[in-house]
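What would the 3D arrangement of this be:
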Amino acid sequence: MQTTIKSPVSFKGTGLHSGAPVRLTIHPASAEYGIWFRRADISVGDALIPAKWDAVVSSSLCTKLRNAAGAEVSTVEHVMAALAGCGVHNALVEVDGPEVPILDGSAAPFVDGILASGVRQLAAPVRAIEILRPVTVRIGSASATLSPADIFEIEFAIEFDEEAIGHQSKTLNMANGAFVRELCDSRTFCRQSDVEEMRANGLALGGTLANAVVVDGGCVLSPGGLRHRDEAVRHKMLDALGDLALAGVPIFGRYSGNRAGHALTNKLLRALFAQPDAFRMVICDDDAALRLPGVGVRHADVPAVA
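Numbers count the residues shown, from 1 in each chain. Now for the predicted structure:
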């Protein structure tokens, strides 16, 4: 069955790029509503922004959505991953500025709030996308593929010169709360040289060592070090889940990312929907529903950092 949260849950933080204070509230929604963002600070014009792949516009270092009236909201990937990973299909996400708060740089605070509120079932079946044949996109040496599988699986590989990151790879069946237990607390990461360049260009003004893993060669500069030895690739998988959630429904298939990022995952969704013979929409029966992200997850599964 489709789901929503039981009661509104709010978060306060700063925008990663602007550094401005921002408040976000996730509200329950009815069956078939899907996920929408609403800019609470916009009083004239259309403030509703669909959380859909075809509303994504080009942006540096994050996923940004824009509606037909020009209203935008950026850095949506972590809250989208939290909703998808907790199995929430319908919600209104209200934000009083142009950015989702970065919080601790992971999805764990959103997951904690969602599961503390609770998830309730709605009287409507879940639809899902079943991948029928592989679809691949590339940008330079980076690639992303969706291929057939009877589960939703993410496999990812990254390669960085910095010794603190290096080569990392991981594969995870996303069913039954794996996102909450394995990925949700992994933070965004960057190199110290990237921070300096972004600040010089007026970006990442809200970025701190408290909301990102910053590395410099073989050193991890963030206090407390890493939450996982392979935290970087886990965060890339988190981002991929959030970006794939913009398909609008869950996916049964294997996502394979090699050095992929937000732009490439969106390009993959655009390529998928441009090829109607590569997928089909299915109604999830009881067996299929048990293979969806979020089924069976409990608040106790949330990592202690949240």
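
pLDDT below threshold where in the stretch 1-150 of the chain?
Counting by pLDDT under 70, the stretch 1-150 of the chain contains no low-confidence segment.

Contacts only, for K236.
156, 158, 257, 260-261 (Cβ atoms under 8 Å, 6 or more residues apart in numbering). Yep, even glycine has a C-beta here, placed from its N, CA and C like the rest.

again, 7 Å this time
Taking Cβ atoms under 7 Å, 6 or more residues apart in numbering, we find K236 in contact with 156, 158, 257.

can you give me phi and psi for the second one?
Per-residue torsions, I158: phi -130, psi 160 (degrees, to the nearest 10).

That one: neighbour count?
By other Cβ atoms under 10 Å, 23 other residues sit near I158.

How about the last one?
Number of residues near G257 (other Cβ under 10 Å) recorded here: 24.

contacting residues for the residue nearest to R187 when sequence neighbours are not counted?
Among residues not flanking R187 along the chain, G105 sits closest, at 3.7 Å (Cβ to Cβ, 6 or more residues apart in numbering). Applying Cβ under 7 Å, 6+ apart, we find G105 in contact with 187-188, 211-212.

Then E159?
E159 neighbours (Cβ under 7 Å, 6+ apart): 167, 259.

just the helices in the stretch 101-250 of the chain please.
Secondary structure of the stretch 101-250 of the chain (DSSP state H, counting those that start in this stretch): helices located at 108-117, 178, 192-200, 231-244.

tell me the domain ranges of the protein?
For the chain, the structural domains run 3-121, 127-301, going by automatic domain parsing.

As PDB, could you dump the C-alpha coordinates of stretch 108-122?
C-alpha atoms of stretch 108-122 as PDB (Å, rounded to 0.1, in the frame of the first residue of the first chain):
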ATOM      1  CA  ALA A 108      20.000  10.800   9.000                       C
ATOM      2  CA  PRO A 109      18.300  13.800  10.600                       C
ATOM      3  CA  PHE A 110      15.500  13.600   8.000                       C
ATOM      4  CA  VAL A 111      15.200   9.800   8.500                       C
ATOM      5  CA  ASP A 112      15.100  10.200  12.300                       C
ATOM      6  CA  GLY A 113      12.300  12.800  12.000                       C
ATOM      7  CA  ILE A 114      10.200  10.800   9.500                       C
ATOM      8  CA  LEU A 115      10.400   7.600  11.500                       C
ATOM      9  CA  ALA A 116       9.800   9.400  14.800                       C
ATOM     10  CA  SER A 117       6.600  10.800  13.200                       C
ATOM     11  CA  GLY A 118       5.700   7.300  11.900                       C
ATOM     12  CA  VAL A 119       4.600   6.100   8.500                       C
ATOM     13  CA  ARG A 120       0.900   5.200   7.800                       C
ATOM     14  CA  GLN A 121      -0.600   3.200   5.000                       C
ATOM     15  CA  LEU A 122      -3.000   4.600   2.500                       C
END
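
What residues sit buried inside it?
For stretch 108-122, the buried set under the neighbour-count rule, 16 or more other Cβ atoms under 10 Å, comprises 108-115, 117, 119, 122.

okay, the domains of the chain, which one's buried deepest?
domain 3-121 (a mean of 20; mean count of other Cβ atoms under 10 Å).

First-to-last residue distance for it?
Terminal residues of domain 3-121 are spaced 4 Å apart (Cα to Cα, to the nearest Å).

for stretch 218-233, same thing?
16 Å.

Now do the strands in the stretch 101-250 of the chain.
119-121, 127-131, 135-139, 142-147, 152-159, 167-173, 189-191, 213-216, 219-220 (DSSP state E, counting those that start in this stretch).

Can you tell me which of those is nearest to L48?
In this view, these are compared for proximity to L48 by Cβ to Cβ, and strand 127-131 is the closest at 21.6 Å.

what's the angle from the closest one to helix 231-244?
Put simply, strand 127-131 runs at 110 degrees to helix 231-244, going by axes from the mean of the first three to the mean of the last three Cα atoms, to 10 degrees.
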